[in-house]
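> okay, predicted coordinates and the sequence, questions at the end:
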2 protein chains.
Amino acid sequence: MTVHLKDIAAYTGVSIKTVSNVVNGNYEHVGPETRVLVLDAIKKMNYKPNNAARHLRKAQVSVLAYAFPDLTNPYFADIGNAIAVEGARLNYTVLLDYTFSERDKELNILAGMSPHLIDGLILDSHALEVEDIRQIESGGPIVLLGERLFGAPFDHVLIDNTAAAYSATRHLIEVGKRKIAVIGAQKARSEAPSLRLQGFMQALSEANMPLDSSLLMDGGLWHRADGAAAMQELLKRKRADWPDAIFCFNDLMALGAISVLGAAGLRIPEDIAVIGIDDIEDGRYANPALSTIEPDKKEIARIAVQMLIERIKGQRTHTPESIYVPFHLHARASTLGRQAEKS
Amino acid sequence: MTVHLKDIAAYTGVSIKTVSNVVNGNYEHVGPETRVLVLDAIKKMNYKPNNAARHLRKAQVSVLAYAFPDLTNPYFADIGNAIAVEGARLNYTVLLDYTFSERDKELNILAGMSPHLIDGLILDSHALEVEDIRQIESGGPIVLLGERLFGAPFDHVLIDNTAAAYSATRHLIEVGKRKIAVIGAQKARSEAPSLRLQGFMQALSEANMPLDSSLLMDGGLWHRADGAAAMQELLKRKRADWPDAIFCFNDLMALGAISVLGAAGLRIPEDIAVIGIDDIEDGRYANPALSTIEPDKKEIARIAVQMLIERIKGQRTHTPESIYVPFHLHARASTLGRQAEKS
C-alpha cells in the first residue's frame, strides 16, 4: 500500500502544496505547527518519497559528510575545518569520514549515504573509478575535490596544478637555483603528480634548463617519512651530484626533507632550498619556515559546500561543472633565507 | 497504540525470545531470513523500543562518532585515526565530528545522537559541564576522553597527567637544565594545565629547585602561534633572565617555540632545550626533533572503542570506570642534542 502526498494532505487537513513544501524542505510559507503536523504524519504513515527523496532528507537531517583519504595529512584537516565552518554557517552539520585511500572504504561511504544519515557528500577520492560511482545507487548529491575522477558526472572543485607547480619552480629559478630535484614525481592513481610535473618541466624549459631525470624522486605515500627517505637517498650521492633545491609535491614531504637536511647540518636555503605545496600550518612554523603554494582552501570549501547544498535543495540542476579556485605562492625562509623571517 | 515484542512475535510467527534477540542485535541464533522478517515487521508495525533502544540502534547502523575539539591539532587526528582503525576492525564505521571547543556545538552533538545516526559517542569535551550531559536525553552510551568532566556518569579513558609532567620535568633536570619555563600553565576549563603543573612542581621540589612563577607562561589556545608568542615574550627579557629549558604542555606550542628559537639563531638544546607532550608526527620531524611525552594513543582508542561497544551491546552494565593508560618519554634532539638523531 503506497502512501501518496494526497493521503498525507487528507489525513492532516492541509493542502497538497503544503505537504509538498514540507517534503521538499521549503519551509518559507509553512508555519511551525503545520510543519510538525505534516512531518508527524509522514512518519506515522510511513510515507516513502520517490524522486523527491533527497528533498525529504534535507528536511530530516541537514547533515553533510566530507570523505577524505588521510587524516594524518593536515591539508585534509584544513579543508575539513573550512568545510565544517562553512557548513555550520549554513546550518548544516558536517561529519568527517576518512577512507585510508581504500577503495572498499570509499565504496562503503557512497553506499552508506542513506536518507537517514547524510544529505550529500564532498568526496576527495583516492581509489574509486568513475564506473564505481556510476554503479552505486547513490543516496544523494556528490561534489568532488582533488585530482581524480575527471569526467565523473559530478561538480568538481580544484586548483590548476600545472600552473601551481610552474609557479613554485619559477620561484626556485628566480632565487638562483639551477639543479632542482622533485620529490613525489612517481606515477600514481591521482593525476596530481603528472599535472605538477608538467608545470615543473614547463618552467625548466622556459629557463633553458635541462631536465635531469635522476632528480625525479618517488614520494611513496607523500608523508613526512617519504620526503625524509627521498632526501636521504639524494644525500647518499656524490656531493657534486646533489641538487641545490628540492621541490616537494606536498608540504609534508618538504618537512621530512627539512628534518633530514637539518640533522645533516646543511644550510637551508644556502646549500639546498626547499619548497612545498599545500600551506599547512606545520610549514609556517617549520625551522626554517617553509615556502609553499597555497591552494585557496577556504574558497575550495565555500564553493564545494555551496554547490552541494544547491544540489540537495534542487536549486542546481544543470550539467556538473569543474570550478578552478586560485592559489598563492608564499615565499618564506626555506627559499629566501632567514632574513625573510624578520620582515 | 503501543506495539510490544509479543505483537511482533504474533505477526511474524517467531518466538518472543527470537524477536528480542533481533531487537538486541544478538544474531548468533537467528537465521538471516528470520532476521529480515522480524526487522521488516519492526519497521512495518512502527515498533518503538524503550530501554532497549540502544540495542535496536546497534542492529540498525553500526556507527560510532568521535567528537573532539580541534581539528587543527594533530593529537586529535591521531586519536581519531586510532579510533577509526579500531572501529573498522570491529565492523563499526566511525564518524568524526568536531566542536571548535564550543558548548553549543557539543550540546548539538549530544542531542543529535539519534537512533538513525549513531550508536554511541566518544567525546573529548572542552566546554560542557557534567550537568549539561545529565540533562540531555541522550540517545546512546558515551565514553569520555581528556581531562574534563571528572565525576560524570560515563566511562572515561585518560593518562596520569601529573605523572607525565613529572617525567618530562625530571628529564630536563637530568640533562642539566636548572631554569625551566612552562608554556600553557594558565587556568583553563580543562584540568590538564593544573594537573601538569602539579607534576612540574613536584619534580622541581624533589630536585630542590625553587619555583619561579615569572617563568609560568600562558599558552592561549595551545596552538603553534601561542607557543611562539610565549617564547617571544620570554626572549624580550634580559638575557640573564632567560630560561635554559621550556616545558610546553603540548607539542604544538613546543613547535611554535622551536620556530622562534630557530629564527633568533639560538641553539636547541645548548642555549634552550624544549620538550612537549603528545608525540605528534610533526614533532618527530621537527628541526631538531622534539622530545616529548607520548600518551599511548592506540591504547586510549582501543579501550574507549571496546568500552563503548560493550555498553551499546548491553554487555557492560556496571558503574562507569576511569581507566588510566600508560605514557612514554621520548628523549630526542631538542633535549639531547643532535648526536641523539644519529643514534
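That came through fine.
> residue ranges with poor pLDDT in chain A?
For chain A, the stretches with pLDDT under 70 are A:1, A:24-29, A:32, A:43, A:48-60, A:99-117, A:127, A:129-139, A:340-343.
> and the residue sitting nearest the centre point of it, how far from B:Arg311?
In chain A, the centroid-proximal residue (C-alpha atoms, centre = their mean) is A:Leu145; its distance is 4.4 Å. The gap separating A:Leu145 from B:Arg311 is 36 Å, by C-beta to C-beta, to the nearest Å. All C-beta spots, glycine's among them, are computed from the backbone N, C-alpha and C.
> do A:Arg239 as well
Remark: distance between A:Arg239 and B:Arg311 (C-beta to C-beta) = 61 Å.
> neighbour count for these two, which is higher?
B:Arg311 (21 against 7; other C-beta atoms under 10 Å in any protein chain shown).
> for the stretch 201-343 of chain A, what lies in contact range of chain B?
Residues of the stretch 201-343 of chain A found near chain B (C-beta under 8 Å from any C-beta of the partner chain) are A:224, A:228, A:255-256, A:258-259, A:262-263, A:265, A:281-282, A:284-289, A:333, A:338, A:341-342.
> hmm, try it at 7 Å
Taking C-beta under 7 Å from any C-beta of the partner chain as the contact definition, the stretch 201-343 of chain A meets chain B at A:224, A:228, A:255-256, A:258-259, A:262-263, A:281-282, A:285-289, A:338, A:341.
> so which residues make contact with stretch A:148-157?
Under the criterion C-beta atoms under 7 Å, 6 or more residues apart in numbering or on different chains, residues A:125-126, A:128, A:130, A:133, A:142-145, A:189-191, A:300, A:303-304, A:307, A:320-323, A:325 lie in contact with stretch A:148-157.
> kindly recompute the last result at 6 Å.
If you take C-beta atoms under 6 Å, 6 or more residues apart in numbering or on different chains as the criterion, stretch A:148-157 is touched by A:125, A:130, A:133, A:142-145, A:190, A:300, A:303-304, A:307, A:320-323.
> show me how to select, in ChimeraX, the buried members of those.
Buried residues within the contacts of stretch A:148-157, by 16 or more other C-beta atoms under 10 Å in any protein chain shown, are selected in ChimeraX with:
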select /A:125,133,142,143,144,145,190,300,303,304,307,320
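> run a quick neighbour tally on the closest residue to A:Val22 other than its chain neighbours.
Nearest non-adjacent residue to A:Val22, counting by C-beta to C-beta, 6 or more residues apart in numbering or on different chains: A:Val38, 4.3 Å away. Using other C-beta under 10 Å, A:Val38 has 25 neighbouring residues.
> which residues does A:Val38 contact?
A:Thr12, A:Val19, A:Val22.
> now A:Met253
If you count contacts by C-beta under 6 Å, 6+ apart, A:Met253 has them with A:Ile183, A:Gly184, A:Gly219, A:Trp222, A:Asp226, A:Gly227.
> out of these, which one sits closest to chain B?
Distance to chain B, by C-beta to the nearest C-beta, is smallest for A:Gly227 among the contacts of A:Met253, at 8.5 Å.
> report all helices and strands that the helix or strand hosting the closest one contacts.
Element membership for A:Gly227, per DSSP states H and E: helix A:224-235. Here helix A:224-235 touches helix A:251-263, going by 3 or more C-beta pairs under 6 Å, 6 or more residues apart in numbering or on different chains; DSSP states H and E.
> taking helix A:224-235 as reference, get the angle to the helix or strand just after the helix it packs on.
Using DSSP H and E, the helix or strand that follows helix A:251-263 in sequence is strand A:273-277. On the basis of axes from the mean of the first three to the mean of the last three C-alpha atoms, to 10 degrees, strand A:273-277 is oriented at 150 degrees to helix A:224-235.
> residues touching strand A:273-277, excluding its own?
A:168, A:177, A:245-248, A:250-251, A:254, A:257-258, A:268, A:290-293, A:334-335.
> relative to helix A:251-263, how tilted is it?
Orientation of strand A:273-277 against helix A:251-263 (the same axes, to 10 degrees) gives an angle of 160 degrees.
> which stretches in chain A count as strands?
In chain A, the segments counted as strands under DSSP state E are A:63-68, A:93-98, A:120-123, A:142-145, A:155-158, A:180-183, A:216-217, A:245-248, A:273-277, A:291-295, A:322-324, A:327-330.
> tell me the residues on the stretch 51-200 of chain A that lie near chain B, please.
When proximity is defined as C-beta under 6 Å from any C-beta of the partner chain, the stretch 51-200 of chain A approaches chain B at A:Leu71, A:Ala77, A:Gly80, A:Asn81, A:Leu95, A:Leu96, A:Asp97, A:His116.
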